[in-house]
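Participant: give me coordinates for this.
(3 chains)
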Amino acid sequence: MGRSPCCEKAHTNKGAWTKEEDERLIAYIQAYGEGCWRSLPKAAGLLRCGKSCRLRWINYLRPDLKRGNFTSEEDDLIITLHSRLGNKWSRIAGKLPGRTDNEIKNHWNTHIRRKLLSQGIDPSTHRPINGSLAEKMPKSPILISRDATSGDQQEEKKLKHFGSFEGNNRKNIFPFEEIGCNPKLNLELQLSPPNIQNPHDQSLAVSDVDFLDLKI
DNA sequence: AAGTGTTCCAACCGCATATGT
DNA sequence: TACATATGCGGTTGGAACACT
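Facilitator: From the prediction side, this is the model:
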């Protein structure tokens, strides 16, 4: 016997949420709390499945969401956490107040990944890519070079000049061997083992990133 | 101005895990 | 213990917006 669907697929809306649906969801959660997602749509008068409601609330309607552009500090923290946790977006999001796993995942795939690639760093391993300039840099367990002087627009132009990359659309291979690291400024982040104060607590604490030794 | 290509992100899907009976 | 159900998570997709020719 196969697994039953998470919700009744018939008679449910899909696609973008309307303003009215948002208002209904917000009003219901403000009145009754999050509770049971499966029964929420019916109770709130929404033709959506519980999963969809949960996603909408967590990613876009929650009042404590920060929204807006990621700061360079947030970028650095994401890179650091990703180097340790991999694609555990929900755990990474847990360390960035006001940010959601989906938002961080998108930001990683659209901005950070390409930034690392343009700097000759493999975003999966956080190590220099073979043949790149970055490989010639001093080796460290995890090495992150950051061009602090170039903005996103500049980065965007450079990337466009060299073509697309194997990113969200997975269509093109990025010719990163043609792109050198910007020599203007490198911020090298070195990671060392965390100082675990409570061995029973396996979860990362915010202080876990304090071991970062930032050299400019 | 129009056609085509690319980027971005909201939302979906399926699997894993947690919880209840 | 086994099974059913609910929730959470991460990968993937669709399409609007934007850039380029």
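
Participant: C-alpha from now on. contacts and neighbour counts both.
Facilitator: OK.

Participant: could you chop chain A up by domain?
Facilitator: A:9-61, A:72-118, A:141-173 (automatic domain parsing).

Participant: same list (those) but as TSV, adding mean pLDDT.
Facilitator: Below are the domains of chain A laid out as TSV (pLDDT from 0 to 100):
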stretch	mean pLDDT
domain A:9-61	88
domain A:72-118	90
domain A:141-173	33
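
Participant: determine which stretch of those domains is the most buried.
Facilitator: Counting by mean count of other Cα atoms under 10 Å, domain A:72-118 has the highest mean neighbour count of those, with a mean of 18.

Participant: and it, how far apart are its ends?
Facilitator: Using Cα to Cα, to the nearest Å, one end of domain A:72-118 lies 17 Å from the other.

Participant: what about the helices in chain A?
Facilitator: All helices of chain A, identified by DSSP state H, fall at A:19-32, A:40-44, A:50-56, A:72-85, A:89-94, A:101-107, A:113-118, A:152-162.

Participant: closest one to A:Thr125 among those?
Facilitator: Nearest to A:Thr125 among those is helix A:72-85; the distance by Cα to Cα comes to 7.1 Å.

Participant: what's the neighbour count on A:Arg127?
Facilitator: Using other Cα atoms under 10 Å, A:Arg127 is surrounded by 20 other residues.

Participant: just grab the bridge partners of it for me.
Facilitator: Counting by DSSP bridges, A:Arg127 is bridged to A:Asp122.

Participant: isn't it up against A:Ile121?
Facilitator: Yes: counting by Cα atoms under 8 Å, A:Ile121 is a contact partner of A:Arg127 at 5.4 Å.

Participant: now A:Asp101: how far from A:Ile121?
Facilitator: From A:Asp101 across to A:Ile121, the span is 23 Å (Cα to Cα).

Participant: tabulate the domains of chain A (TSV), appending distance to DNA strand C.
Facilitator: As requested, the domains of chain A are arranged in TSV below (distance: least, Cα to the nearest atom of the strand, whole Å):
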stretch	distance to DNA strand C
domain A:9-61	3
domain A:72-118	3
domain A:141-173	5
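
Participant: surely A:Ala93 meets A:Ile104?
Facilitator: Yes: between A:Ala93 and A:Ile104 there is a contact under Cα under 8 Å: 6.8 Å.

Participant: stretch A:111-120 vs DNA strand B: in contact?
Facilitator: Yes: on the criterion Cα under 7 Å from any atom of the strand, stretch A:111-120 is in touch with DNA strand B at A:His111.

Participant: what is the end-to-end distance of that stretch?
Facilitator: 14 Å.
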